[in-house]
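1. Give me a 3D structure for the following:
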Amino acid sequence: MVNAKDIVNEFKKDLLSRTGKQTSTLYLSQIIALFLGVFTGIINTRVLGPEGYGILAFFLAITSFTVLFFRFGFFSASGLLIAQAKEERKERELTGASIIIAFLIGISYSFFILILSFFVDDIFHTNIGWILRYTSFMLIALPFTFLIPQVGRGMNKIERMSLFNVIPKVVYLLGALMLLKIIQIEPFHFILLSIFSTIVSVFVVMHSFHPLFNNIRENLKEIWKKNKEYGFHLYLGQIADQSTYQLDRIFITYFVNTTQLGFYSLAMTITAPMVGLSSALSMSLFKGFVDMEKIPKKVIYYNFLWLAACVAGLTIFGKFIVVLLFTEKFLPTVPLILPLALASFFQGMYQPYNMFLGAKGKGKWLRNISMTQSIFNIVGNLIFIYYWGAMGAAIASAIATFIAYTGHNYYYHKYFR
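-> Now for the predicted structure:
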């Protein structure tokens, strides 16, 4: 019979293992980034107010939504090839080839944003078109934010991903404090600062991988081949899933207003970090999953206990957190916390399954899961947001992530059959 002491000793052993240390390091960086994000959130909300913060939130929403389409599966293909590589030099060469691909994709994304800037105001009744035009050339860096996690988990250099979590927050916070002393802040200033922070972090972290630009043609061919059999299938699922999942922000702006989007984004900021530990654990195991026969049961158990505790804590203390950090002006955020916490619960639960199936090259299965989820994302967001606004978006997110969890569980068991 297993007693409590044995359980504690087993937990300590897991925590001190390489995977445990990597998970702790990555999640600690997310916690640090969270606290830094809280401070920047306080500055953003108090300096800009609900209306100005809504403009900032909409810019981030429109760019984070559109950039999802500018991956084409190449980064996922690169990540899997790097994980399968047996020599460090080969990993670095594949990283160099991936950087070239990311830069070309970044240029195409920059032109897309420039064109979009002439139409966005008429569609959403906003005034950010001029901001998109001025910042379009800087947004070349955005596609790199998808490449870095793939390279980090492929090389199993989780500490580099930890840097990528912290650096942009530090740069943004320091920059915001400096701006407050020298100019009258407008949303445009914080938008510029946000992009600059991303550029700095991308440059520092990509350089830390020590990419090699040798055998470019050979490595590009390998990535192209892996993309056709794995990456592009995964990409189709990702754009169907993630783009429709982020439609909530677009629909809230369209059906309601940017102020309600600000409340919704703040609730997402509060609840989303609970997925961080699940994601960190899964990423730390990605390279190991290539050779594992199945996911260790204790990974599933630890993940469940963490996520359940987070849901309970946010439900109890959500109002206190909002009032303490963001003032009573943002109280409409509070009712959105529970449904978004449930959405994060299911999203966290399927992270180990997602990484395992990805490490096994099951791009078509992951595509099928994402396609199924995307159907509800579109229908659910359209109907729920139209009738219930931001609360409808939160409920739709919870249901959509539950559907995704069910799909991952089904295909994981199918793998053994």
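
2. could you point out where the protein is predicted with low confidence?
-> Along the chain, segments meeting pLDDT under 70 span 1-22, 24, 241-246, 417.

3. so where do the strands sit in it?
-> Using DSSP state E, the chain contains no strands.

4. for the residue most central in space within it, what are its contacts?
-> For the chain, F146 is the residue whose C-alpha lies nearest the centre (Cα atoms, centre = their mean; 8.7 Å). The contact partners of F146, taken as Cβ atoms under 8 Å, 6 or more residues apart in numbering, are 67, 71, 75. Placement of C-beta: from N, CA and C, glycine included.

5. so the second one sits right up against Q238, yeah?
-> Yes - with contact defined as Cβ atoms under 8 Å, R71 and Q238 form a contacting pair (7.2 Å).

6. Most neighbours among the contacts of F146, which one is it?
-> For those, the largest number of neighbours (other Cβ atoms under 10 Å) sits with F75, at 28 neighbours.

7. Count the neighbours of N127 for me.
-> When neighbours are defined as other Cβ under 10 Å, N127 has 11 of them.

8. How about the backbone phi and psi for E186?
-> In terms of degrees, to the nearest 10, the main-chain angles of E186 are phi -120, psi 160.

9. ok, so what distance separates it from L48?
-> 8 Å (Cβ to Cβ, to the nearest Å).

10. coming back round to it: now the contacts of F146 as JSON lines including distance to I321?
-> Formatted as JSON lines, those follow (distance: Cβ to Cβ, whole Å):
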{"residue": "V67", "distance to I321": "29"}
{"residue": "R71", "distance to I321": "34"}
{"residue": "F75", "distance to I321": "34"}
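
11. ok, so of these, who is nearest N257?
-> V67 (23.9 Å; Cβ to Cβ).

12. OK, contacts around the closest residue to the closest one other than its chain neighbours?
-> Distance criterion Cβ to Cβ, 6 or more residues apart in numbering; nearest residue to V67, sequence neighbours excluded, is L142 at 4.6 Å. L142 is in contact with 63, 67, 70, 106, 109, 198, counting by Cβ under 8 Å, 6+ apart.

13. Take those residues and write them to TSV, including distance to A83.
-> Below are those laid out as TSV (distance: Cβ to Cβ, whole Å):
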residue	distance to A83
T63	29
V67	24
F70	23
G106	24
Y109	26
T198	25
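
14. Taking these together, which two end up most distant?
-> So, the contacts of L142 by Cβ to Cβ: farthest apart are F70 and T198, at 14.6 Å.

15. Tell me how far F326 lies from V200.
-> 27 Å.

16. next one: stretch 270-290 to chain centre, how far?
-> Remark: stretch 270-290 is offset 11 Å from the chain centroid, using Cα atoms, centre = their mean, to the nearest Å.

17. Of all the residues in stretch 28-48, which ones are buried?
-> Using 16 or more other Cβ atoms under 10 Å as the test for burial, stretch 28-48 gives 28-30, 33-34, 36-38, 40-41, 43-45, 47-48.

18. got the CA coordinates for that stretch in PDB?
-> Extracted in PDB, the C-alpha atoms of stretch 28-48 (Å, rounded to 0.1, in the frame of the first residue of the first chain):
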ATOM      1  CA  LEU A  28       8.900  30.400 -13.000                       C
ATOM      2  CA  SER A  29       9.700  32.600 -16.000                       C
ATOM      3  CA  GLN A  30       6.000  32.700 -16.700                       C
ATOM      4  CA  ILE A  31       5.200  33.700 -13.100                       C
ATOM      5  CA  ILE A  32       7.800  36.500 -13.300                       C
ATOM      6  CA  ALA A  33       6.300  37.600 -16.600                       C
ATOM      7  CA  LEU A  34       2.900  37.400 -15.000                       C
ATOM      8  CA  PHE A  35       3.900  39.800 -12.200                       C
ATOM      9  CA  LEU A  36       5.600  42.100 -14.600                       C
ATOM     10  CA  GLY A  37       2.500  41.900 -16.800                       C
ATOM     11  CA  VAL A  38       0.400  42.900 -13.800                       C
ATOM     12  CA  PHE A  39       2.500  46.000 -13.300                       C
ATOM     13  CA  THR A  40       2.200  46.900 -17.000                       C
ATOM     14  CA  GLY A  41      -1.500  46.200 -16.900                       C
ATOM     15  CA  ILE A  42      -1.800  48.600 -14.000                       C
ATOM     16  CA  ILE A  43       0.100  51.200 -15.900                       C
ATOM     17  CA  ASN A  44      -1.900  50.600 -19.100                       C
ATOM     18  CA  THR A  45      -5.300  50.700 -17.500                       C
ATOM     19  CA  ARG A  46      -4.700  53.600 -15.200                       C
ATOM     20  CA  VAL A  47      -2.900  55.800 -17.700                       C
ATOM     21  CA  LEU A  48      -5.100  55.000 -20.700                       C
END
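
19. neighbouring contacts of that stretch?
-> Contacts to stretch 28-48, defined as Cβ under 8 Å, 6+ apart, come from residues 53, 55-56, 161-163, 165-166, 169-170, 172-173, 176-177, 180, 185, 187, 190, 262, 266, 269, 273, 276-277, 280, 325-327, 329-330.

20. ok, the nearest residue to R367 once chain neighbours are set aside - contacts?
-> Leaving aside its chain neighbours, R367 sits nearest to G237 (3.4 Å; criterion: Cβ to Cβ, 6+ apart). Taking Cβ under 8 Å, 6+ apart as the contact definition, G237 lies against 363, 366-371.

21. For G237, give its distance to E88.
-> 31 Å.

22. One more: L179?
-> Per Cβ to Cβ, L179 is found 41 Å from E88.

23. Understood, closing this out.
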